[in-house]
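S.K.: Have a look; sequence and predicted model below, questions after that.
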Amino acid sequence: MAMPEPHRTPTTGHSHRPAGLLARDFTIENIVELRHAVTRLAEDNGLADVALYRFVIAVHEIAVNAIRHGGGQGRLEMWRADAHLHCRISDHGPGMPTAPGRPVPAITATTGRGLWLARRSCQMTTRVDDAGTTITLTCPIRPPQA
């Protein structure tokens, strides 16, 4: 199933009224298109090189977890506020482990690296309530080096 073109809105420049860059529901059928849209918008809003790669990987891993553990679907919202790019992913799942000091996944493990990668790639906040789980990833946008 093809996804509609993302809604692009210029940022307002005010941290109290961030303009939305992207808002859409997703499933396994459109996760690749979602990743491409996130990549384009992150590039359009100043992420590059390693920061771009880490942000896109973090968003993708959390979205895949939403599909896998949160009812088969999720909702992604992406916006820019001042010098940060934010991505909120929500699902209807039961939550996620919050134990501090979770071990690094074994090098031979075939799963279990998504949250580990996301936590090391971006600032990550988590909210779990009766409606499900919401994770917000935040990445600073650095001005280009002169």
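M.R.: Okay, I see it.

S.K.: Quick check: buried residues in the helix or strand of the chain with the lowest mean pLDDT?
M.R.: Among the secondary structure pieces of the chain, namely its helices and strands, helix 114-121 has the lowest mean (mean pLDDT, DSSP states H and E), a mean of 78. For helix 114-121, the buried set under the neighbour-count rule, 16 or more other Cβ atoms under 10 Å, comprises Gly114, Leu115, Leu117, Ala118, Ser121. All C-beta spots, glycine's among them, are computed from the backbone N, C-alpha and C.

S.K.: Need the residues that contact stretch 75-88.
M.R.: With contacts defined as Cβ atoms under 8 Å, 6 or more residues apart in numbering, stretch 75-88 is touched by 11, 15, 18-26, 34, 38, 41-42, 45-47, 55, 59, 63, 89-91, 134-142.

S.K.: Same check on stretch 36-44?
M.R.: Surrounding stretch 36-44, the residues in contact under the criterion Cβ under 8 Å, 6+ apart are 3, 6, 8, 21-22, 24, 52, 55-56, 59-60, 76, 78, 85, 87.

S.K.: out of these, which are inside strands?
M.R.: Counted as lying in strands by DSSP state E, out of the contacts of stretch 36-44, are Leu21, Leu22, Arg24, Leu76, Met78, Leu85, Cys87.

S.K.: hang on, Leu21 packs against Leu47?
M.R.: No - contact criterion Cβ atoms under 8 Å: Leu21 and Leu47 do not qualify, at 11.9 Å.

S.K.: So these two - more neighbours on which side?
M.R.: Neighbours were counted for Leu21 and for Leu47 using other Cβ atoms under 10 Å; Leu21 has more, 25 against 22.

S.K.: Local confidence estimate at Pro94?
M.R.: Note on Pro94: pLDDT of 80.

S.K.: One more: the one 3 residues further on?
M.R.: Reading off the per-residue confidence, Pro97 sits at a pLDDT of 59.
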